[in-house]
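1. quick one, fold the following:
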Amino acid sequence: MKKSFLFNLIILFTLNIIVKPVWLFLDMQIQKEVGEDYGLYFALLNSTLILNIILDFGISNYNNRKVSINNNRFSRYFKNILIIRLLLSVLYLFILQLWGVLGGYSGNEKWMLFLLGLTQVFLSSILYVRSNFTAFGRFKLDSLFSVLDRLFMIGGVLYLLVNKGDYGVTIKNFIYVQVLGYGISFIIGLFTLLLLGRPGLPKLEKRFAKMLLIKSAPYALIVILMAAYHSVDSVMIERILSDGKQEASYYAQGMRILMALNNYAYLFAVLLLPMFSKILAKKERVQSLISTSSALLIYGVSSLSILLAYYSEDVIALCYGKFNGGEYFINSELNIDAVTNMDDIYYSSDIFKLLIFGIIPMSINYCFGTLITASGNMKLLNKIAASSLTLNVILNLVLIPSYGAYGAAFASLITQSFSGVFQIGFAVKLFHLDLRIMGLIRFFLGIVFLLFSVLLINELALVLRLFSLLVCLLIGLLISVDLKGAASIAKGFRSNA
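-> Modelled structure (predicted):
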């Protein structure tokens, strides 16, 4: 079992490291092709994400725990959950269309909203199917279906880009590719699960369904609150401003890179949860684990955010720059003078500088929020998330009319920091954590070393500069993080397999 778990872990990281950057790159190419229409798409997509929890209501996590303990429960759970999820999907799509009417969207925009909602139905269903694969110990299947949808969509987008003279690269075609990618992946996954578990025909037991929804509710609430304050910014930008589509498009450029980094931080948190749960169940202190894990994750994201912010114009130009003729962004050096849309790059990079620093408090939330989650104190997390959402909406209402997408980025950074500070404070109080001065000094010395290194090596040639940055990152890691503690975390991963 341990070997299977570790194999799955390695495969998951490997596939995500390969497939997700490819999808991110193609997503960026689509935005360059469609322009400000991407801003509308991004706002509509975030509308579907805010309400996404209606589709699952925490059921997948609950199902995973129960079926993992006893695989014989699968048949009864599947028969009921399939009907519950179908009803929730209908409710979700209806509420989305109601939002489309109340938001004043056109008929074409409401159709796009429906299609994006359908992609979320398929995606949520894939996650439910995968929860059963892991519960059965079928880790290879779980690894496959973690990227199968992206593989289909990568193929679809490549087809659009290669044949854009015939079909045209439009935002609607991009959405159709996603519907097909997620839909085909779900159908294949469902048939695989039916062959694996042979559950029989769906059957709804009202008493069981009620119990399931009640048990899942606290976990569903925290997810919907967090999804809301992560996604509401782009919706408010598009709705409030007269040029909302264009401003939302600029905001999407930086936010997409932020969320790509966030996916890897989230994987780290998923690994920490069972470790925290086991320690708390044994009534042991979590001091050592939280100190090392937070230093490891927060140094990693802090160093990356510093580098990305410092080279923000280069990063945005590389991702979204437009060129004439045979010009390229990277030759023997960064050819930023060849970019023809530099006014857009400057504005987008200013937004990106604020957004990318949000990964630091987000990672703090993953460390300390995961610890609080392991203790089962969901009421506290829900209060913090609700307060953060309220703060974010108020800040957006104040800042967006005057500062546009830049104001929304500032509101996002403040909101994330607010949540992170309170989660640290409550974790220290609840688990009697000690403030280790030497650990903080080591952390800040590592960051200061990296800052000075960036300034000193900035004049080097491109290849030598990239190599020097990698070396400096590793030296900063050695300064900031107790590697003995990191080795203990690695052992903990294996012991939780």
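
2. neighbours of I171, just the number please.
-> 21 (other Cβ atoms under 10 Å). C-beta: built from backbone N, CA, C; applies to glycine.

3. look at it and report its pLDDT.
-> Note on I171: pLDDT of 91.

4. quick one, what contacts it?
-> I30, V34, D37, Y38, L40, Y41, M112 (Cβ atoms under 8 Å, 6 or more residues apart in numbering).

5. helices along the stretch 51-200 of the chain, start to end?
-> 59-69, 74-102, 107-135, 139-145, 148-162, 164-167, 171-197 (DSSP state H, counting those that start in this stretch).

6. closest one to P361 among those?
-> P361 sits nearest to helix 59-69 of all these, at 24.0 Å, using Cβ to Cβ.

7. which stretches of the stretch 201-350 of the chain have low pLDDT?
-> 201-205, 216-223, 226-227, 229, 267, 270-271, 273-274, 325-328, 330-333 (pLDDT under 70).

8. no, scratch that, I was asking about the stretch 51-200 of the chain
-> Scanning the stretch 51-200 of the chain for pLDDT under 70 picks out 56-58, 60-73, 134, 137, 139, 165-167, 199-200.

9. ok, now with 80
-> 51-80, 131-143, 164-168, 196-200 (pLDDT under 80).

10. so the nearest residue to Y251 once chain neighbours are set aside is in which element?
-> In space, Y251 comes closest to A405 once its chain neighbours are excluded; the distance is 4.0 Å by Cβ to Cβ, 6 or more residues apart in numbering. Element membership for A405 (DSSP states H and E) is helix 378-431.

11. does anything pack onto that helix? Which helices or strands?
-> helix 206-240, helix 244-281, helix 287-310, helix 342-356, helix 359-364, helix 370-374 (3 or more Cβ pairs under 8 Å, 6 or more residues apart in numbering; DSSP states H and E).

12. just the ones you listed: most buried one?
-> helix 359-364 (a mean of 24; mean count of other Cβ atoms under 10 Å).

13. take the contacts of I171 and write them to CSV, including distance to L478 and neighbour count.
-> CSV is the format used below for the contacts of I171 (distance: Cβ to Cβ, whole Å; neighbours: other Cβ atoms under 10 Å):
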residue, distance to L478, neighbour count
I30, 40, 20
V34, 45, 20
D37, 47, 19
Y38, 41, 26
L40, 47, 21
Y41, 43, 26
M112, 49, 21
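
14. one step back: figure out which of the helices and strands packed on helix 378-431 is closest to F449.
-> Judging the helices and strands packed on helix 378-431 by Cβ to Cβ, what sits closest to F449 is helix 287-310, at 9.8 Å.

15. show me what secondary structure element comes after that closest one.
-> Per DSSP H and E, the first helix or strand lying C-terminal to helix 287-310 is helix 312-320.

16. can you redo the helices of the stretch 51-200 of the chain as TSV with distance to I17?
-> As requested, these are arranged in TSV below (distance: least, Cβ to Cβ, whole Å):
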stretch	distance to I17
helix 59-69	24
helix 74-102	31
helix 107-135	19
helix 139-145	13
helix 148-162	12
helix 164-167	28
helix 171-197	20
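
17. about what we covered before: of the helices and strands packed on helix 378-431, which is nearest I126?
-> Closest to I126 of these, according to Cβ to Cβ: helix 244-281, at 15.7 Å.

18. and the angle from the closest one to helix 342-356?
-> 20 degrees (axes from the mean of the first three to the mean of the last three Cα atoms, to 10 degrees).
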